[in-house]
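Peer 1: got a predicted structure here, sequence first:
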Amino acid sequence: MMYATRTRNARPEPFAVKVSLTERLGIAHMDWALAFAVLALAGFSLLTLAQATRNDVPGSPNYFVERQAVYVLLGVIGMVLVSRVDYSRFRELRVGIYTLLCTAILLVFVFGFTARGSRRAIELPFFSFQPSELGKLLLVLALAGFVIDGARRGSERGRTVRYLCLGLAPAGLVFLQPDLGTSLVFGAATLGVMYFGGTPWTHFAVIGGTIAVLAAAILAIAPAAGVPVLKGYQEERLTSFLEPSKHESGAGYQQNQSKVAIGSGGLTGRGDKATQTRLDFVPERHTDFIFAVIGERYGFIGAAFVLSLYALLLWRALRILTLSKNSYGTLVAGGIAVALLFQVFVNVGMNLGIMPITGIPLPLLSYGGSSVLSTFLAVGVLQSINIQAQLSRRGRFAW
Amino acid sequence: MYLRGDEIPAGGRLSLRIAVFGGVAVALFAILFFRLWNLQILSGDHYLAEAKNNRTREFRVPAPRGDILDRDGEVLVDNRTSLALLLNTQKLPDDPAARHRVLARLADAIGMPLRKLRRRIREEEETSAGAPVTLRKDVGYDLVYYLEERQREFPGVSVQRVFVRSYPERSLAAHLLGTVGEVTEEELKERRYRDLRPGDEVGKGGVEEAYDRHLRGEPGLIKIQVNALGQPTPGGQLVSVPPRPGKNLKLTIDAKVQEAGEAALAAHGTRGAFVTMNVHNGEIIAMGSAPSYDPTVFTKPLTQKQVDELYRDEVLAPLTNRATESFYPTGSVFKLVTAVAALETGALALGETMADGGEITVGGQTFQNAGGQAYGIVDLVRALQVSSDVFFYTLGLRMDGTEALQRWARKLGVGRPTGIDIAGEGEGLVPNKAWRDRLYREGATDRPWSVGDNIQLAIGQGDLQTTPLQMAMAYAIVGNGGTAVTPHLGLELQDAAGRVLREFKFRPRRKVAIDRAHAEAILEGLHDAAQAPGGTSYGVFSGFPIPVAGKTGTAERVGQADQAWYAVLAPYPNPRIVTVVTVEEGGFGAESAAPVALRILEAYFGRKAGRSLGDNGGSPG
C-alpha cells in the first residue's frame, strides 16, 4: 500500500521499544503539541473566568471557574479514554451514532427546557446537557462513515445529495430549537467531511451558489415578501455587523461594546482595570464574548496568544489528517478541523466585529459543559487517529 | 471524485485539498490577527477613551443658593432641605399594562391624579429625556418611608435631598425678593444661563433673578463608575467636586422700615405701594406693594386656587410690584416737577405772587381748585403749602407750547426707567403735544392736544402715567441738589461667614442743574405743607419730631375712587431719604397715603410722632 502522505511526514521513532507506562496507558503516541494546545486553552479559560467573573454570582466568586474546572477535568478524562479507543470502530457504529444524534436532538424538543427563548438542553441531575454540542462530533463520525461506506454505490451527484441530506437533517433540527449558530456548525462540519471525502469541486461550486442564493432569499427576499424565515433577532444579529452604528442599542450594541472592550485592551491589556467586560457592558462575557474579556484584560499579547493556540490546534489536526492510517480517519479529522476553524473564526470574528452574532461558543474557552466536553472528546478522537497511525506504522495495534 | 473505500488514495488529490484548506485557514487566521492588531494597537487609544467614557456617569449635586439679608443682616430668605421624589422612567416596566399598574399605584401613593402624573412625565421627557422626573418636591418623611419600604412595587422611584427656599419673614418684601424656579427652555438659550442644565433652579423676578449669578452657586459634581445598567459599582466613586454654595446677598432694605410700611399699607385693605430711598446714593430702604403674597407657595406646585389668586385676578394682581410696575397719575405730588420746570425756565420768578380766586378759565374751560377753595394772594411756597391748583394751572398755561414741563419731567426722571436693579420696571408717560396729536391722527382719541392738557399735567392729572419710584426719583433729585441716583436693592455680597466679598457700586445716572435757591424755595413750601399750620398734611406730620418736606396728592381716576399720594423728603432742610406712598382708591392723600409715610418715617428715624393722628383731618391734596 502506498501512503503518499505518510512518507512525507515520516519521522524517527521517538519512544523506547519496551512497553512503557505511557504506552500501557495508551497515551504514549499522543500528539503532545495538540494536547498542549487544548490544555493551554482550557487553562486560559479557567484563568479568565477566575479573574473576570468574580462578581457575577453574588456570594460565590468562583461559581463559573469551579464548574468549568469540573468540565475540563471530565473533558481531559474523556479525551484520554477516547484516544485509547480505535476510532475506526465508530465507522462501524455510524448508523447507531447517527440515530443517537437525531434522537438526542429530538429529545430536546420533548424534555428540553427553554432558556432565553430557545430549547437547547436537557436537564440532567448535575448539569444541563446540550446534545447539539456533542452532536457536532457525532455528525462528523457518522457522516465520515457514510461517505466511506457509500464508496462504490451511486453516482457522484447522488452521493453529494445524500451526504448533504444526512448532514442537513440534524442541522435543520438544531435550527428549529432554535439554535442558528450550532446548525451552521453542523453545516460546516458536513461540508468539511464532504470536502475531504472528495466531493467534486463543481458540486461545491453549485452548493456555494445555492447557499448564496438561499442567504439572499432568507435575509432579503423572504422578509420582503412577508414570509420571515429567521426570527427577528436572528436576522438583526446577522445583518447588524454590517452597520453597527445603525443598531447602537440592539444587536449592534453587543458588537460595539465588544469592539470597544477589545480595542481598549491595547498591547498589554488593562488587567483588573478592565471595565467594559467587568461592568456588564459586554453581554455573555463568560460564554460567547469571552474573547472580548481576554482582549480587554490581556491585550493584544493575550489575544494573539489564544489565537496562536488555535492555530497550533488546527495545524496539529491537519497534520493528524495527513498521518491517518485510513480514509475514515482523514475524513473525521478533516470534519473536526473544519468545524473547529469555523467556530473559532465565527466566534472571534463576531467579537472583533467582522462577523455576525450567531451564538457560537469559542471552543474550550467559553464557559459551558457541553461545549468543553465535546471539544475535548473531538480532540480525543484526533489523538486516537494519531495513536492508531503511530501504532500501525510500527506494525502494532493497541487492542 | 469521491473516495473509493477506506484506503488512503494515492497521488496528490487529497494533498491539494489539504493545501487549499490550509491556505484558507491561514487566510482566516491572518484576517483575525490583522483585525486584532487594528483594534488593539492602531485604534487602542480611541477605544480606551470610549471605554472610560462608557463607565462613568456624572451626577450634579445642587448647590444651596445664597441667603438674602436685609441691611442689618436679618435673614429674609434662606434655605431648608427637603425631600423630593424622583422617578427614573427607564426603570418602569416595558409592558404597557404593568407600567400602567405601577403608575396608578404611584399616583395613588403620592396623591397626584394619574392623568397629571402622566402629563408631568411626558413634559419632562420632552425637555430633558433620560433624566429622572421630579414627581413632587417637599414630600414628608411618612411618604418617603412608605415608598422605600415598598421599593419593589415602585420601581425607579428615588428620593433626593434638595434645597428649598424658605422665607422666615413670610410675605415681607415678597415683590423685591422674587422666587426660585426651574430654568425654562427659553432661558437656557440666554447667555447668562449658559452654564445651566434643564432642571436647574434660577431666580424668577426680584433680586433672586437680578443677582442670580451670585446667589446661584456652582453645583458639585460626582463622577461614579457604573455598570451597563447604569447602577453604581461598589467603591466606584471617581471624582467628587463639592458644590460651591451661592454667595449671600445683603440688600439695602431695612426690614423694620419695610415691615412698618407694609403693615401701614395693608391696614388700608386696598391696593397701593410705597418706596423709601436714600436720596444721595439710591439705596432703597423699603419698597412694598399691596396686596402681597407669600412666596412660600412657589416652593410647591401651585394649586388651581392659588393660580387663580396669583395670576388670574387682574384687579388685585398680587404679583405686580406696584412701586415700579404700575402707572398712575399722581395728582398734586407732581407739583414739585411743575415748580422746578417753571422756575428753571423762567416761567415763574422766585417770590412772584399771583391771585388764587379758586378757579381759572382758559379758552372757555374752567379749572377749579379742589373743593372750590380760594387761597387769595399766593407765592410758590404758599401755593405748595396749601396745594393751590390755580397757581399751578397758571404755570401749566404759561409753559404750554414750550414743552418746558415735559422736558423737566423727563429730566427729573418721570416717564423714563429709573434703572433700578430688578427687572419689570416700565417707562410711563409724560403726555405732550406730539404724542396726543399723533394719537388723534390715528383716531385713538377724540381730540388733539390743547392747552388744557398742559394745565392738567401741571397738577399731575390727565394722561400722566408714572410710578411711585419715578416720583421718588424726582423728589430725590430736588432733595439732593441735582443728582439722578440709581435706585438699587443690592448692597453687598457676603460669604457664609459674613465677610464682605464685594460691595455693589451704582454710579449716578446723570446730573440735573437746578438752582440751589429754587430747590430751597420748593422744599420750604413742602415743609410748610407738612409741618406748618394750614399745610395739607399738617394734621399728620405736625407732631413728628423730625422736620420733613412732604406733599400730598389726590389723583382722579376714571371709574374708581380717587387715588391718594404722598411724597416726603426728610429730614428738612437737608434730606437723607425720600418716601413716596400711593394708595389706590385711598381718597385724599393726607387721609390714607400720608399716615403710611409717617409710619415709615417713624420706623426709619426710630421715633414716634408726638401726637395722635387725624385730629386735624386732612385738607385736600
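Peer 2: Received it, and whenever you're ready, just let me know what you need.
Peer 1: what does the model give residue 158 for pLDDT?
Peer 2: Going with chain A. At residue A:158, the model reports a pLDDT of 88.
Peer 1: um, chain B though
Peer 2: At residue B:158, pLDDT is 80.
Peer 1: quick one, phi/psi of it?
Peer 2: Note on residue B:158: backbone dihedrals following degrees, to the nearest 10 are phi -140, psi 170.
Peer 1: same question for residue B:243.
Peer 2: Torsion angles at residue B:243 (phi, psi; degrees, to the nearest 10) stand at phi -70, psi 150.
Peer 1: give the contact list for it.
Peer 2: By C-beta atoms under 8 Å, 6 or more residues apart in numbering or on different chains, the contact set of residue B:243 is B:61, B:62, B:63, B:64, B:217, B:218, B:219, B:220. No exception for glycine: its C-beta is placed from N, CA and C like everyone else's.
Peer 1: buried subset of these?
Peer 2: Buried members of those, scored by 16 or more other C-beta atoms under 10 Å in any protein chain shown, are B:62, B:63, B:64, B:217, B:219, B:220.
Peer 1: so which of the residues you listed are in helices?
Peer 2: Judged by DSSP state H, the subset of the buried ones among the contacts of residue B:243 located in helices is empty.
Peer 1: Throw these into CSV and include distance to residue A:389 and pLDDT, thanks.
Peer 2: Shown next, in CSV, are these (distance: C-beta to C-beta, whole Å; pLDDT from 0 to 100):
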residue, distance to residue A:389, pLDDT
B:62, 76, 80
B:63, 78, 85
B:64, 82, 88
B:217, 81, 87
B:219, 74, 84
B:220, 72, 81
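Peer 1: let me see the domain layout of chain B.
Peer 2: With domains defined by automatic domain parsing, chain B comprises B:13-55, B:79-166, B:255-307+B:318-495+B:508-605.
Peer 1: who wins for proximity to residue A:381 among those?
Peer 2: With C-beta to C-beta as the measure, domain B:13-55 is the member of the domains of chain B nearest residue A:381 (18.1 Å).
Peer 1: how about that closest one and chain A, touching?
Peer 2: Yes - against chain A, domain B:13-55 shows contacts by C-beta under 8 Å from any C-beta of the partner chain at B:13-15, B:17-18, B:21-22, B:24-25, B:28-29, B:31-33, B:35-37, B:39-41, B:43-48, B:50-52, B:54-55.
Peer 1: narrow the buried ones among the contacts of residue B:243 to those in strands?
Peer 2: In strands, defined here by DSSP state E, the members of the buried ones among the contacts of residue B:243 are residue B:220.
Peer 1: endpoints of stretch A:122-137, how far apart?
Peer 2: Stretch A:122-137 has an end-to-end distance of 18 Å (C-alpha to C-alpha, to the nearest Å).
Peer 1: any buried residues in it, and which?
Peer 2: Going by neighbour count (16+ other C-beta under 10 Å), the buried part of stretch A:122-137 is A:122, A:127, A:129, A:130, A:131, A:132, A:133, A:134, A:135, A:136, A:137.
Peer 1: chain B: which of those is nearest?
Peer 2: Checking the buried residues of stretch A:122-137 against chain B with C-beta to the nearest C-beta, the nearest one is residue A:136 at 17.7 Å.
Peer 1: relative to residue A:183, how far out is the closest one?
Peer 2: Distance from residue A:136 to residue A:183, counting by C-beta to C-beta, to the nearest Å: 10 Å.
Peer 1: tell me which residues touch residue A:111, please.
Peer 2: Residues counted as contacts of residue A:111 (C-beta under 8 Å, 6+ apart) are A:122, A:123.
Peer 1: give me the pLDDT for it.
Peer 2: Turning to residue A:111, the model gives it a pLDDT of 76.
Peer 1: again with residue B:365
Peer 2: Note on residue B:365: pLDDT of 87.
Peer 1: residues near it, how many?
Peer 2: 11 (other C-beta atoms under 10 Å in any protein chain shown).
Peer 1: ranges for the strands of the stretch 201-350 of chain B?
Peer 2: B:201-204, B:220-226, B:232-241, B:248-251, B:272-278, B:284-290 (DSSP state E, counting those that start in this stretch).
Peer 1: closest one to chain A among those strands?
Peer 2: Checking these against chain A by C-beta to the nearest C-beta gives strand B:232-241 as the closest, at 6.2 Å.
Peer 1: what residues sit buried inside stretch B:110-129?
Peer 2: Using 16+ other C-beta under 10 Å as the test for burial, stretch B:110-129 gives B:110, B:112, B:117, B:120, B:121, B:124.
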